[in-house]
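K.L.:
Coordinates for the following, if possible.
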Amino acid sequence: MSDSSSPAMRLLSAVGFDNLNLLAQQDSEELHARLVLGNKEHQIFTKVPGEVVIAGWIENARQGRPPVGGAPVAAAPDNFAALAAAAPAAAAAPAVPLAPMTTPSGDPAPFDRSKMKTFEDINEGRTAVKPLSRNSINEEGEAAGPMRVNADEVVSRWVIRGVEHHAPIALWFKFLTALFARISFGVATVWMLYVLYERFTSELEPNEQPFPMAFVVFLGITIVLGIASLIIGASTRCRICGVPNLMSRRCIKNSKAHPWFPLGHVGGTAVHALIFRWFRCMYCGTPVQLRTKDMIYGKKRGG
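P.N.:
Just a heads-up that it's a prediction; the model follows:
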């Protein structure tokens, strides 16, 4: 029998069933038992197929087909060796070699060692990389050259720095609301003390002295601003530490925060942000800038 025959054909031939007519007359149970004994001797299968598979071989043989489930043949030969020889061999796919990197002319691309830099080149400044600077984000900054700051140099507060905020305009209005709320609360407190002083020092009875209408209106505005400031303070959080930027807590503040005695840390942060367009988180000290991308890159909106 040819080596190209299937394991099923080789095992069937080894136990004496070398043609389709003989195989078609067998019982699946008895044939399975004989194949198990034959496989122990010839070691063709690791595990002999079950009776269901062998029953399929017998059914194929009765229909004139090979016992391995192949396609029907018009005139099936009697023996398995002829069936294996008649089966077309599978064409092996040709291996495609990997082409090396080439230039448009077809020659291999040369390796330019001049572009490699050593640690000595980097330490001595022999590199083509420009250092980053604050002014290198637009054409004017590139023309002006890099701006360097020494470790012991004090940077002016007018130099805008820090991470970009995702909604700088909204945050600017939030700082303005928080600042007005604190100022109005201080004015309302002083005004109320003055009104109470006038009532107690007046010769009229307290029930005969109504509160000034202007004070009542101003007190209502102060209450509205206070509620708005609380809502804004709870919803505005630092992008780094996650603590509210407009709500002061009883904890140690950062050494670089913006405290202002009359208005506290929140008021000082609001004043600093409104004037200099950047501020530091009072808890982690992270600088945040209030410039929009159009202001940063010098482009007009829609341009």
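K.L.:
give me the low-pLDDT residue ranges for the stretch 201-303 of the chain?
P.N.:
Residues of the stretch 201-303 of the chain meeting the criterion pLDDT under 70: 206, 293-303.
K.L.:
show me where it has strands.
P.N.:
For the stretch 201-303 of the chain, applying DSSP state E, counting those that start in this stretch gives strands covering 278-280, 287-289.
K.L.:
Out of these, which is closest to Val163?
P.N.:
strand 287-289 (5.7 Å; Cβ to Cβ). From N, CA and C alone the C-beta is placed, and that goes for glycine too.
K.L.:
now the strands of the stretch 201-303 of the chain in JSON lines, with mean neighbour count and distance to Val190?
P.N.:
Below are the strands of the stretch 201-303 of the chain laid out as JSON lines (neighbours: other Cβ atoms under 10 Å; distance: least, Cβ to Cβ, whole Å):
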{"stretch": "strand 278-280", "mean neighbour count": "23", "distance to Val190": "28"}
{"stretch": "strand 287-289", "mean neighbour count": "18", "distance to Val190": "33"}
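K.L.:
okay, these in CSV with distance to Thr118 next?
P.N.:
Formatted as CSV, the strands of the stretch 201-303 of the chain follow (distance: least, Cβ to Cβ, whole Å):
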stretch, distance to Thr118
strand 278-280, 40
strand 287-289, 36
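K.L.:
can you list the domain ranges for the chain.
P.N.:
With domains defined by automatic domain parsing, the chain comprises 7-83, 163-297.
K.L.:
between the ones you listed, which one is nearest to Lys117?
P.N.:
Closest of those to Lys117 is domain 163-297, at 30.6 Å (criterion: Cβ to Cβ).
K.L.:
closest to Asp121 out of the domains of the chain?
P.N.:
That would be, of the domains of the chain and by Cβ to Cβ, domain 163-297, which comes in at 32.6 Å.
K.L.:
Ala33: neighbouring residues, count only.
P.N.:
13 (other Cβ atoms under 10 Å).
K.L.:
name the helices or strands packed onto whichever strand or helix holds it?
P.N.:
Secondary-structure assignment from DSSP states H and E places Ala33 in helix 28-42. Here helix 28-42 touches helix 7-14, helix 51-62, going by 3 or more Cβ pairs under 8 Å, 6 or more residues apart in numbering; DSSP states H and E.
K.L.:
re the thing from before, could you export the domains of the chain as a markdown table, including distance to Asn123?
P.N.:
Formatted as a markdown table, the domains of the chain follow (distance: least, Cβ to Cβ, whole Å):
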| stretch | distance to Asn123 |
| --- | --- |
| domain 7-83 | 65 |
| domain 163-297 | 31 |
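K.L.:
quick revisit: mean neighbour count, the helices and strands packed on helix 28-42: which tops it?
P.N.:
Neighbour counts (mean count of other Cβ atoms under 10 Å) averaged over each of the helices and strands packed on helix 28-42 peak at helix 7-14, with a mean of 20.
K.L.:
mean confidence for that helix?
P.N.:
Mean per-residue pLDDT for helix 7-14: 81.
K.L.:
After it, which helix or strand is next? Please name it.
P.N.:
Helix 7-14 is succeeded, C-terminally, by helix 20-24 (DSSP H and E).
K.L.:
So what touches that next one?
P.N.:
With contact meaning Cβ atoms under 8 Å, 6 or more residues apart in numbering, helix 20-24 is reached by Leu12, Gly16, Phe17, Leu31, Trp57, Ile58, Ala61, Arg62, Gly64, Pro67, Ala76, Asp78.
K.L.:
from what I can see Cys251 touches Met282, true?
P.N.:
No: in this structure, Cys251 is not within contact of Met282 by Cβ atoms under 8 Å, at 9.7 Å.
K.L.:
For these two, indicate the residue with more neighbours.
P.N.:
Applying other Cβ under 10 Å to Cys251 and Met282 shows that Met282 carries more neighbours, namely 26 against 8.
K.L.:
Might you report the residue contacts of the more buried one?
P.N.:
Asn245, Ser248, Lys253, Asn254, Ala257, His258, Pro259, His265, Val266, Thr269.
K.L.:
repeat that for 10 Å
P.N.:
238, 243-249, 251, 253-254, 256-259, 264-266, 268-269 (Cβ atoms under 10 Å, 6 or more residues apart in numbering).
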